[in-house]
Every structure is written in C-alpha cells, then in structure tokens.
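Engineer: predicted structure and sequence below. I'll ask about it afterward.
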Amino acid sequence: MAFENYSFIAGSMCQSGDRFLRSGYKEETLSLPYVISEMGRRGEARGVELHHRGNETDADLAMLEQTMVEAKLQLTFLNTWTYGERKWRFGSLSAADTQVRREALERCKQTVDVARRFKAHGVNLWLGQDGFDYAFQVDYRAQWKALVESIKELCDYSEGMPISVEPKPREPRNRSLIDNVQTALLLRLESGCDNLGVTIDTGHVICGGQGLGGSIEAVMRHGCLYNLHSNDNYGLWDDDLIIGSVRLMEHLETFYLIKKYRYEGFISVDIFPYREDAFDAVCESIRMMRAYDGVIEKLGVEKIDALIAKGDVPATLAEIRKAVFIS
C-alpha cells in the first residue's frame with residue numbers, strides 16, 4: 001500500500017534568512033495563512049506542522065484553524081519555540097537558571113494546550129539552545145537532571161499526548177544536549193515517560209555522522225518513532241535541501257524500513273528553500289518521496305529482506321538499480 005501521510009513545515013516557506021542576510025532572500029514574505037491555503041490548493045500533502053511562539057492571540061489561532069479546515073489539512077505536530085528568544089540563550093528546559101527553566105516549561109505547556117485545541121497528533125521539542133559551547137562551561141549531570149525533571153513534568157501535564165524530542169548534533173550550540181537518537185532514547189528511559197518519543201530529522205542524523213537506517217530501526221524497535229522530518233543533505237551541515245537533490249539510497253532505505261516496521265505517522269518536508277519557489281520545492285519533495293515509495297512497492301519488502309539476508313551487496317544494488325532506472 002502506498003504511503004500517503006505527507007506533511008510540511010509551514011514556517012520556513014514564508015521567508016528564510018541566514019546570518020549573511022537576516023531579512024531573507026526573497027522580495028516578498030508570505031503569510032502563514034497564505035502558505036497553508038496554497039498548499040491545500042496544490043493537494044500534495046495531508047498535514048501541516050506549525051510553530052507555537054507563545055504570542056499568538058485567540059483570533060490568530062481561530063484564523064489558522066479555519067484556514068486549515070478550508071485547506072483540508074490536519075495539524076500533525078505543533079513545534080515549541082524555546083530557542084528563538086534571547087532569554088533561552090543558555091538553555092530552556094535544562095537551563096541552570098530555575099526561573100528560565102520554569103518559563104520554558106510553561107511555554108511548552110501552553111504549546112500542549114494549543115495542540116489539544118487543534119487536535120494535533122503531538123508536540124515537537126527541538127531544544128536548540130540546550131547544550132554547551134565550551135569545555136568547563138556546564139555541570140553536565142545537573143543539566144541532564146534538570147532536563148529529565150522538566151520532561152517528566154511536561155509529559156505528565158500532556159496527559160498522554162505524544163511529546164517528541166528532535167535530536168540534532170549541533171547548531172545553534174556547538175554541542176546539543178539531545179544530539180542523536182540514542183540520547184533521545186536514554187531520555188525516554190530515564191524519564192520513564194511512555195508518551196515521550198522521537199522525531200527523526202534525516203539531515204540531523206546524516207550531518208551528525210550517524211546511520212539513518214539504523215537510527216530509524218532503533219527508535220521503531222522501542223515503539224516511539226512519533227514523527228519524521230525529511231530533507232536532503234551533503235553531510236557536513238544541516239543543509240535542509242529539496243528531497244531528491246543529493247541522496248538516493250538513504251531515502252530508499254527509509255521507505256523500506258517504514259514499510260517493514262509499519263510506520264503510521266507522518267513525514268514532514270523540513271526544508272529551507274532560501275532562493276527557490278517554496279511551493280514548488282515542497283511539492284517536488286513530496287513527489288520525490290512518492291517515487292521512492294513506489295520503488296520499494298515495486299521491489300517488495302520480502303524481496304529486499306531476502307537480498308539483505310543473502311548479503312550480496314552488488315546483487316542487491318543491481319536490483320535497486322533496475323527498480324529505479326528501468327521501467
């Protein structure tokens with residue numbers, strides 16, 4: 001059966017700047033409702049991911065709700081915003097300052113409340129400012145203890161709603177506290193929270209020097225792959241490129257694994273089309289993923305299982321080549 005649970009992260013489609021041009025590379029900044037409406041019109045996705053900054057009014061939320069209904073898009077995950085303000089510069093849920101940590105936790109609880117209102121699948125935590133930059137900068141044990149305690153309180157507050165942590169090796173901190181899926185799984189183990197899971201971002205795994213397939217399998221083995229963010233990547237940085245522009249085999253293997261282990265969540269396009277038409281870039285990313293899925297459908301999971309068990313890599317690659325390039 002074809003995989004159809006495709007989503008997109010709307011915020012990065014509006015305008016994207018970087019440290020060299022903070023205002024963004026495009027002449028026009030698109031509004032969030034317009035992005036949602038246009039993606040609904042194009043009909044490639046079933047879901048959308050949004051960010052909760054904490055400054056939205058009730059009227060703002062009502063407008064977004066109505067826009068999503070009209071676009072026939074469901075809110076998959078609502079992302080917290082505990083990294084894009086100066087007060088989080090030394091961390092959020094793991095901050096040494098108890099007041100800052102409390103403010104971060106309250107912000108995350110507000111995100112849970114909004115996610116409930118929107119009937120979202122869950123809340124996504126990318127703790128970008130939680131980590132360190134220098135040796136002798138942080139008390140590692142105290143930092144980890146603070147994070148575990150914060151996560152326990154948040155997961156308890158969410159009353160079963162999935163809370164998903166998104167690992168990333170670095171940026172904006174030079175070393176992230178939740179740097180890979182193994183650390184995320186350790187957080188789940190030590191917190192003891194059954195509703196704590198993992199969001200795997202393909203680019204984060206690849207630029208961290210980790211194996212994408214092994215990371216997906218590990219999280220699915222623990223039954224807590226709540227969300228997937230997909231993009232493409234040269235392996236040196238979090239490039240967030242159009243899917244299909246760089247890596248073939250890792251993406252194909254991803255679709256093999258989600259079919260084999262029956263992933264039922266969403267895959268969100270998480271790209272930063274700085275200079276490209278955002279709608280074309282996201283829609284082509286989804287179409288490329290459908291093509292990857294089609295290749296795995298053509299080969300079949302059982303056949304791939306048999307090829308892997310045989311262990312003849314050239315023979316396996318030959319079958320994949322024929323499935324990809326020979327109609």
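Structural biologist: Yep, that arrived. Note that the structure is predicted; figures quoted are calculated from it, not measured. Numbers count the residues shown, from 1 in each chain.

Engineer: which residues touch the worst-scoring helix or strand of the chain on mean pLDDT?
Structural biologist: Here the helix or strand of the chain ranked lowest by mean pLDDT, DSSP states H and E is helix 11-14, holding a mean of 95. Helix 11-14 is contacted by residues 29-32, 35, 39, 50-51, 240, 270-273, 278-279, 282 when judged by C-beta atoms under 8 Å, 6 or more residues apart in numbering. Where you see a C-beta, it was placed from the backbone N, CA and C, and this is true even at glycine.

Engineer: and these, which is closest to Arg175?
Structural biologist: Asp240 (20.2 Å; C-beta to C-beta).

Engineer: hmm, that closest one is touching Glu276, no?
Structural biologist: No: contact between Asp240 and Glu276 fails when scored by C-beta atoms under 8 Å: they sit 11.6 Å apart.

Engineer: between those two, who's got more neighbours?
Structural biologist: Counted by other C-beta atoms under 10 Å, Asp240 and Glu276 do not tie: Asp240 has more neighbours, with 22 against 17.

Engineer: gap between stretch 157-168 and the chain center?
Structural biologist: Stretch 157-168 sits 12 Å away from the centroid of its parent chain (C-alpha atoms, centre = their mean, to the nearest Å).

Engineer: pull the CA atoms of that stretch into PDB?
Structural biologist: This file holds the C-alpha atoms of stretch 157-168, laid out as PDB (Å, rounded to 0.1, in the frame of the first residue of the first chain):
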ATOM      1  CA  TYR A 157       0.900  17.600  32.000                       C
ATOM      2  CA  SER A 158       0.200  16.400  28.500                       C
ATOM      3  CA  GLU A 159      -1.900  13.500  29.800                       C
ATOM      4  CA  GLY A 160      -0.900  11.000  27.100                       C
ATOM      5  CA  MET A 161      -0.500  13.400  24.200                       C
ATOM      6  CA  PRO A 162       2.700  12.400  22.400                       C
ATOM      7  CA  ILE A 163       5.700  14.600  23.200                       C
ATOM      8  CA  SER A 164       8.500  14.100  20.600                       C
ATOM      9  CA  VAL A 165      12.100  15.200  21.100                       C
ATOM     10  CA  GLU A 166      14.100  16.000  17.900                       C
ATOM     11  CA  PRO A 167      17.800  15.300  18.100                       C
ATOM     12  CA  LYS A 168      20.400  17.400  16.400                       C
END
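
Engineer: and that stretch, what's buried?
Structural biologist: The neighbour-count criterion (16 or more other C-beta atoms under 10 Å) identifies 158, 161-168 as the buried residues of stretch 157-168.

Engineer: what ranges does this structure have for its helices?
Structural biologist: Secondary structure of the chain by DSSP state H: the helices cover 11-14, 32-42, 58-71, 98-117, 140-158, 181-191, 202-207, 212-221, 249-260, 278-299, 301-310, 313-325.

Engineer: so for Phe77, which of those sits nearest?
Structural biologist: Nearest of the helices of the chain (C-beta to C-beta): helix 98-117, 7.9 Å.

Engineer: any idea how far the nearest residue to Lys87 once chain neighbours are set aside is from His52?
Structural biologist: Using C-beta to C-beta, 6 or more residues apart in numbering and skipping the chain neighbours, the partner closest in space to Lys87 is Val100 (6.1 Å). To His52, Val100 is 18 Å away according to C-beta to C-beta, to the nearest Å.

Engineer: so the two - more neighbours on which side?
Structural biologist: His52 (23 against 19).

Engineer: so where's this structure shaky on pLDDT?
Structural biologist: 327 (pLDDT under 70).
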